[in-house]
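S.K.: Here is my input; please provide its structure:
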Amino acid sequence: MLSAPRFPIHLCQPDLKKSCAACCGIYNFKNNARRAVSRRLHRNGTLLAGEDREVLLGALALHSQRWRGRDNGSAKRFETVFNCEFVGFLDEAHRRVGCLLHPLRHDGKDLRHCSFYGKELCEGHFCPSYYYLTVNEQLFVVETLNDWYLYGLVITDIDLVKGVYQAVSDRLGEAVQPELLAHPSVQRALRRIWQWKLRWPYRKPGCDGFGKYLFVGDHYEELHIPYERWAVRPSPFHRILLALGSVFQSVKELRDAERIIAVDLDHAVQAIWKVLSQKSSNRPLS
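M.R.: Next up is the predicted model:
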């Protein structure tokens, strides 16, 4: 009898529409806007361009010599994350990102020994999202995002995914079922929520942080919302607010942030209820 796979969903490469390479450092630059990230990925990909896919080790060494130091110098954001110079777009449509040295790209020949971490570490690494997100929480993101840039930012933010999944489920009165995520209206509503990662108005400008953590060199600290100083109760959206890197100057700003979250959550719940209602009306009478 075959055993179940260790991880039923491969979050790095879940399908042909998107992928994640956050652990390769693609976002770990002071300028990590989409255009800048895309430019670096395209730069690395030109190294392995060509119909025959034959890459000399010398060419890899020259590429590494040229870019490894630059990518891990003053342009770098968090010191503890290494920025790999061998990550790039895997397809001509630029929908998927990943390792340009992987054996699947070279007829089984593994070139990952040329990378900083080497084959063994890269092959055996699974980010915390594999371990801490349930399968339903993983599907909550995988089934609703087909944008590599936003997908990588969201799937690696455990607190945001868990916070949104819990908030939507609480409003529904039951856990969000994966089959509901196939409906375009539900996908659109959830994509509106995931856009918070790109357009959240209360994220501290120029903030060197990821989710609820602020980094200073090799050290980090958790963000703090001063409920006690304002003499107000903690927000029902506390986990989401921290995951979005929220910094507030007043209770008024806090309430506005809560309003934004509530509106988008309600929009998603309404889309799900509509699908459930349609399913119920189409159910044959017994």
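
S.K.: helix or strand right after the helix or strand harbouring residue 40?
M.R.: According to DSSP states H and E, residue 40 maps onto helix 34-45. Using DSSP H and E, the helix or strand that follows helix 34-45 in sequence is helix 57-71.

S.K.: right, and the helix or strand after that next one?
M.R.: Of the helices and strands lying after helix 57-71 in sequence (DSSP H and E), the nearest is strand 87-89.

S.K.: and residue 12, what element?
M.R.: Under DSSP H and E, no helix or strand contains residue 12.

S.K.: May I have the secondary structure class of the closest residue in space to it that isn't next to it in sequence?
M.R.: Using C-beta to C-beta, 6 or more residues apart in numbering and skipping the chain neighbours, the partner closest in space to residue 12 is residue 20 (5.5 Å). Every C-beta, even on glycine, is put in place using the N, C-alpha and C of the backbone. Classification of residue 20 using DSSP: H, G, I helix; E, B strand; the rest coil returns coil.

S.K.: if I look at residue 20, how far off is residue 84?
M.R.: Going from residue 20 to residue 84 by C-beta to C-beta, to the nearest Å gives 14 Å.

S.K.: Wait, residue 145 touches residue 19, no?
M.R.: No. Counting by C-beta atoms under 8 Å, residue 145 does not reach residue 19; the two are 11.0 Å apart.

S.K.: what is in contact with those two at once?
M.R.: Counting by C-beta atoms under 8 Å, 6 or more residues apart in numbering, the residues touching both residue 145 and residue 19 are residue 151.

S.K.: which stretches of the stretch 51-200 of the chain form helices?
M.R.: For the stretch 51-200 of the chain, the helices defined by DSSP state H, counting those that start in this stretch cover 57-71, 118-124, 128-132, 135-142, 148-155, 158-172, 184-194, 196-199.

S.K.: Same list, these, but as TSV with distance to residue 279 and mean pLDDT please.
M.R.: As requested, the helices of the stretch 51-200 of the chain are exported to TSV (distance: least, C-beta to C-beta, whole Å; pLDDT from 0 to 100):
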stretch	distance to residue 279	mean pLDDT
helix 57-71	49	89
helix 118-124	42	81
helix 128-132	30	95
helix 135-142	18	98
helix 148-155	27	97
helix 158-172	14	97
helix 184-194	12	98
helix 196-199	29	95
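
S.K.: before we move on, back to that, what about the helix holding residue 40, distance to the chain center?
M.R.: Mean-position distance between helix 34-45 and its chain equals 17 Å (C-alpha atoms, centre = their mean, to the nearest Å).

S.K.: Render the CA-only coordinates of that helix in PDB, please.
M.R.: Taking Å, rounded to 0.1, in the frame of the first residue of the first chain, the C-alpha atoms of helix 34-45 are listed here in PDB:
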ATOM      1  CA  ARG A  34       7.300  43.700  -9.100                       C
ATOM      2  CA  ARG A  35       9.300  45.400 -11.800                       C
ATOM      3  CA  ALA A  36      12.600  45.200 -10.000                       C
ATOM      4  CA  VAL A  37      12.100  41.600  -9.000                       C
ATOM      5  CA  SER A  38      11.000  40.700 -12.600                       C
ATOM      6  CA  ARG A  39      14.100  42.400 -14.000                       C
ATOM      7  CA  ARG A  40      16.500  40.400 -11.800                       C
ATOM      8  CA  LEU A  41      14.700  37.100 -12.600                       C
ATOM      9  CA  HIS A  42      14.900  37.900 -16.300                       C
ATOM     10  CA  ARG A  43      18.600  38.800 -15.900                       C
ATOM     11  CA  ASN A  44      19.400  35.400 -14.400                       C
ATOM     12  CA  GLY A  45      17.300  33.600 -17.000                       C
END
